[in-house]
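In: Got a predicted model here, sequence first, then my questions.
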Amino acid sequence: MSALDERDLVDALAAVADTEPLVNALTNDVTVNDVANIALHWGGLPVMSDDEREVDEMVASADACLLNMGTVSERGESAMMAAGDAANDAGVPLVVDPVGVGATSTRDRVAERLTLDLDVSIVTGNYGEVSALAGADATVRGVESVGEYGEIVETAIGCARETESIVVASGEVDIVATEDVAFEVHSGDGMLGRVVGTGCMLGMTLAVFAAAMDDERAALSGTLAFGLAGEAAADGVFGEYAGPASYRTCFLDAVAGLRDVSLATPADRIESVVRDTQ
């Protein structure tokens with residue numbers, strides 16, 4: 001996996017728009033509308049089928065699938081496993097967001113099933129969730145990550161090895177890791193943390209990008225694009241905002257309009273941080 005330059009990101013955004021990928025998302029009740037909207041704004045086509053009577057057919061006809069366990073239930077767990085199996089059978093990229101793993105034993109068990117029993121392309125979560133999934137020390141309150149994570153790079157690589165997938169750990173600096181290399185992605189704005197559901201929206205972003213390109217490129221370009229949209233919204237490129245609610249609107253507008261603004265991506269936006277974790 002190698003870093004991106006400005007042309008790579010422009011090409012990635014164009015690939016999504018040209019592909020118009022259909023992404024089936026089984027996501028939580030709190031953020032379902034935002035998750036659907038962000039897929040549409042990137043240029044994808046969202047469908048939110050979570051009924052076991054049809055989910056295998058829907059996923060088989062889609063270009064990617066997102067499993068988000070934010071409001072996990074028995075029915076939801078069963079539906080997510082059915083969708084994941086269908087994605088694997090159809091060769092469809094699968095993104096898993098183990099929301100709240102580390103907070104309860106139920107979430108730990110469901111997250112383990114989703115990430116170990118299924119062939120997952122990308123696992124995405126905040127620092128606490130990725131740490132909990134990797135078996136490292138983590139503090140997760142509800143679905144929020146708290147505490148210090150000074151070894152998040154090593155932890156993300158370990159999680160990638162455990163799950164045999166690419167891992168995106170979101171935080172002040174986002175980490176994109178494979179089993180032997182990691183990148184720090186320096187983009188985003190603190191306002192993103194003041195809006196409920198931005199982590200869920202990042203998961204859908206990664207699924208949309210994974211539908212249009214290889215997994216590694218999708219993880220890097222999707223993470224960077226998401227952060228740049230957050231910055232553009234904070235900078236007022238898409239209108240003034242008065243607080244978190246109006247910022248959310250500006251952010252969604254930034255996602256929809258990111259292809260039309262200058263995308264200078266200096267080399268220091270993405271920094272390789274290969275470390276020995278053996």
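Out: Cool, the structure landed. Being a predicted model, the structure only gives us computed values, none of them experimental.
In: count of neighbours near the nearest residue to residue 32 once chain neighbours are set aside?
Out: Using Cβ to Cβ, 6 or more residues apart in numbering and skipping residues adjacent in sequence, the residue nearest residue 32 is residue 48, 6.0 Å away. Heads up, the C-betas are built off the backbone N, CA and C, glycines and all. Neighbour count of residue 48, defined by other Cβ atoms under 10 Å: 16.
In: so who does residue 48 touch?
Out: Contact analysis of residue 48 by Cβ atoms under 8 Å, 6 or more residues apart in numbering lists 24-27, 32, 35-36.
In: switch to 7 Å and redo it
Out: Contacts for residue 48 (Cβ atoms under 7 Å, 6 or more residues apart in numbering) come out as 25, 27, 32, 36.
In: Please apply the same query to residue 72.
Out: Neighbouring residues of residue 72 by Cβ under 7 Å, 6+ apart: 106-107, 110.
In: re the thing from before, so which of the contacts of residue 48 are in strands?
Out: Using DSSP state E, the members of the contacts of residue 48 that fall in strands are residue 25.
In: and which of the contacts of residue 48 is nearest residue 102?
Out: Using Cβ to Cβ, residue 27 is the member of the contacts of residue 48 that sits closest to residue 102, with 19.3 Å.
In: returning to that earlier point: would TSV of the contacts of residue 48 with pLDDT be doable?
Out: Conversion of the contacts of residue 48 to TSV gives the following (pLDDT from 0 to 100):
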residue	pLDDT
25	98
27	95
32	96
36	98
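In: which residue packs closest to residue 98, ignoring adjacent ones?
Out: residue 111 (3.7 Å).
In: give me the number of residues near residue 135?
Out: Neighbours of residue 135 (other Cβ under 10 Å): 11.
In: Where does it sit: helix, strand or coil?
Out: Assigned state for residue 135: coil (three-state reduction, DSSP: H, G, I helix; E, B strand; the rest coil).
In: pLDDT score for the nearest residue to residue 29 once chain neighbours are set aside?
Out: Nearest residue to residue 29, sequence neighbours excluded (Cβ to Cβ, 6+ apart): residue 71, at 4.8 Å. You'll see residue 71 listed with a pLDDT of 84.
In: now do the one 10 residues further on
Out: Looking at residue 81, its pLDDT reads 97.
In: List the contacts of it.
Out: Contacts for residue 81 (Cβ under 7 Å, 6+ apart) come out as residue 113.
In: Angles on the backbone of it, please.
Out: Dihedral pair for residue 81: phi -70, psi -40, per degrees, to the nearest 10.
In: Let me see the ranges of the strands in this structure.
Out: Applying DSSP E to the chain gives strands spanning 22-26, 45-47, 64-68, 94-97, 122-126, 139-141, 144-146, 166-170, 174-177, 182-185, 270-272.
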